[in-house]
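J.: Need a 3D model of the following:
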Amino acid sequence: MRSKFFTLHTSLFTLIVVLLTAASCKKDLTYAEQKEKERDAINRFVSRDITIRDHDGNDLIYVGRINVISEDQFTNQGNTTDVSKNEYVMFGNSGVYMQIVREGVGNRLESGDSKQVIARYTEFNILADTVQSSNETLYYSTTPDIIDISNFYGTFTASFNTDNGGGAMYHRYASTSVPAGWLIPFTYIRIGRQVSEEQIAKVRLIVPHSQGQSDASSNVYPCFYEITFQETR
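T.: The predicted structure follows:
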């Protein structure tokens, strides 16, 4: 009897080990599949004629079908994207797509400079096909996301400032880390203390998980962002 029990116990233990090993292998495979799924989602998003809507079905952002241009073409155009052609430049090193809607009329952040910048944004989870977070709401009108950013020989470092209690990004993801994808536009836009909306720098980004916020990085999904950047007063 003991022998049968021992044999059964051993068999169950062996089965558990096999299942755990299989789960571990599956987890590795799942990550590879997730990355492939992310790439497919970005490709579909780029080719879609899409209007982003809020949870109540109201139109927020018309994205349209995106015309992807190379970095060489972007450089030849004076580091601009033609909005009338819905151009986005795709940066090969990061996988980030960027459209400069408005360059802004302030100054570029030069090497050695530091600024506090107000960022107003809408975040759309491409994989889930839904708006995930935004500070373009009445609730966050008095506590927008403020970024402390510095340029050190072309390398930008930044964190969300929490002196005002923090904005939507900080509260949503419990982190002061600014997504790496958000920093790419600062090479090309101008940041000043504009008084009219037409003067404020505005960009649109497609950010893969490797350049995104902590949750996107952990769960492997891309996000679309529409963001304005403006120097604090």
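J.: what's stretch 226-233 in contact with?
T.: Residues from elsewhere that reach stretch 226-233, judged by CB atoms under 8 Å, 6 or more residues apart in numbering: 61, 104, 106, 115-122, 146, 182, 185-186, 189, 191-194, 200-205. Using the backbone N, CA and C atoms, a C-beta is placed for each residue, glycine as well.
J.: mean confidence for that stretch?
T.: The pLDDT scores in stretch 226-233 average 93.
J.: same deal with stretch 135-151?
T.: What stretch 135-151 shows for mean pLDDT is 94.
J.: In that stretch, which residues are buried?
T.: 135-136, 140, 143-149, 151 (16 or more other CB atoms under 10 Å).
J.: what do you get for stretch 32-47?
T.: Of the residues in stretch 32-47, 38, 41-42, 45-46 count as buried by neighbour count, 16+ other CB under 10 Å.
J.: likewise stretch 169-186?
T.: 169-173, 178-186.
J.: which helices and strands does the one helix or strand L183 maps to pack with?
T.: In the assignment (DSSP states H and E), L183 maps to helix 180-183. Judged by 3 or more CB pairs under 8 Å, 6 or more residues apart in numbering; DSSP states H and E, helix 180-183 is in contact with strand 155-161, strand 201-207, strand 223-231.
J.: Please tabulate the buried residues of stretch 169-186 in JSON lines and include pLDDT and distance to N79 as additional columns.
T.: JSON lines is the format used below for the buried residues of stretch 169-186 (pLDDT from 0 to 100; distance: CB to CB, whole Å):
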{"residue": "M169", "pLDDT": "97", "distance to N79": "26"}
{"residue": "Y170", "pLDDT": "96", "distance to N79": "30"}
{"residue": "H171", "pLDDT": "95", "distance to N79": "34"}
{"residue": "R172", "pLDDT": "96", "distance to N79": "31"}
{"residue": "Y173", "pLDDT": "97", "distance to N79": "30"}
{"residue": "V178", "pLDDT": "98", "distance to N79": "21"}
{"residue": "P179", "pLDDT": "98", "distance to N79": "21"}
{"residue": "A180", "pLDDT": "98", "distance to N79": "19"}
{"residue": "G181", "pLDDT": "98", "distance to N79": "17"}
{"residue": "W182", "pLDDT": "98", "distance to N79": "18"}
{"residue": "L183", "pLDDT": "98", "distance to N79": "16"}
{"residue": "I184", "pLDDT": "98", "distance to N79": "12"}
{"residue": "P185", "pLDDT": "98", "distance to N79": "10"}
{"residue": "F186", "pLDDT": "97", "distance to N79": "12"}
